[in-house]
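Engineer: task: produce atomic coordinates for the following.
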Amino acid sequence: MSRPAGRSTKAWALFLGTTAAGLVIDLWSKSAAFAHIADTPVSIRREEVMAATNLGSLIPPHDPIVVIPSVLELTLVLNPGAVFGIGAGKRWFFVIFTLFALSLATWIFSKKTDARDRWAHVALALVVSGGLGNLYDRVLFACVRDFLHPLPGVLLPFGLSWPGGSNELWPYVSNIADAFLLVGIGILVIYTWRKPDAPDTSKSPEPAQPNP
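Structural biologist: Presented below is the predicted three-dimensional model:
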């Protein structure tokens, strides 16, 4: 017989453990990136971010670190918006929205998943850890620290370009928290698609007819 994940100690341990591990990895990676990618460590101060009209001026010029050519490079960016820079300048909206989304994800885990739905628990934990990682940045620094640039220099086909004018296939710089959010959502979509429908037990079976 199934039971909600909120009543399972093992389910809570998996959910909270994955959330904590994801949060630690994200915050450590941001700290390490801003300490080592540029020629000198970059320290971000909230008051300077709030006063700046151009966040790029808070990061010294530096050459990106190429991890794999045309696949991944590391470069420092301060993002005032959400994932991929969406909604720049609406920091408190995203703080409130993130708190709501995290509460909703935790409620879904506790009330709407079964204690044995481990993939769903991991996926929801990744979403929560990614949300917490970027929420930490928004509250402490008034922006989000980004440093991952996938597919650098790879251009859109047929001369196409994004609304902002960039013709790169992936012009966005993001972080580990963003990756956790996308992976978590992807796992949830696949899990929901593949999960079999629960059998309908609302109808009781008809009594067997006696043989003539």
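Engineer: quick check: which ranges of this protein have low pLDDT?
Structural biologist: 1, 81-91, 196-212 (pLDDT under 70).
Engineer: just the helices in it please.
Structural biologist: Assigned by DSSP state H, the helices in the chain fall at 9-36, 46-51, 91-107, 118-141, 176-194.
Engineer: centroid-nearest residue for this structure?
Structural biologist: Nearest residue to the geometric centre of the chain (C-alpha atoms, centre = their mean): Leu181, 2.2 Å.
Engineer: now the helices of the chain as JSON lines including distance to Pro64?
Structural biologist: For every residue, glycine as well, the C-beta is placed using N, CA and C. As requested, these are exported to JSON lines (distance: least, C-beta to C-beta, whole Å):
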{"stretch": "helix 9-36", "distance to Pro64": "11"}
{"stretch": "helix 46-51", "distance to Pro64": "22"}
{"stretch": "helix 91-107", "distance to Pro64": "26"}
{"stretch": "helix 118-141", "distance to Pro64": "21"}
{"stretch": "helix 176-194", "distance to Pro64": "17"}
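Engineer: most tightly surrounded among these?
Structural biologist: helix 118-141 (a mean of 22; mean count of other C-beta atoms under 10 Å).
Engineer: what angle separates that helix from helix 9-36?
Structural biologist: Note on geometry: by axes from the mean of the first three to the mean of the last three C-alpha atoms, to 10 degrees, helix 118-141 and helix 9-36 are set 40 degrees apart in direction.
Engineer: quick check: Asn167 touching Leu156?
Structural biologist: Yes: using C-beta atoms under 8 Å, Asn167 is in contact with Leu156, at 5.4 Å.
Engineer: how far away is the residue lying closest to Ile65 once chain neighbours are set aside from Phe141?
Structural biologist: Among residues not flanking Ile65 along the chain, Leu74 sits closest, at 4.3 Å (C-beta to C-beta, 6 or more residues apart in numbering). Counting by C-beta to C-beta, to the nearest Å, the gap from Leu74 to Phe141 is 19 Å.
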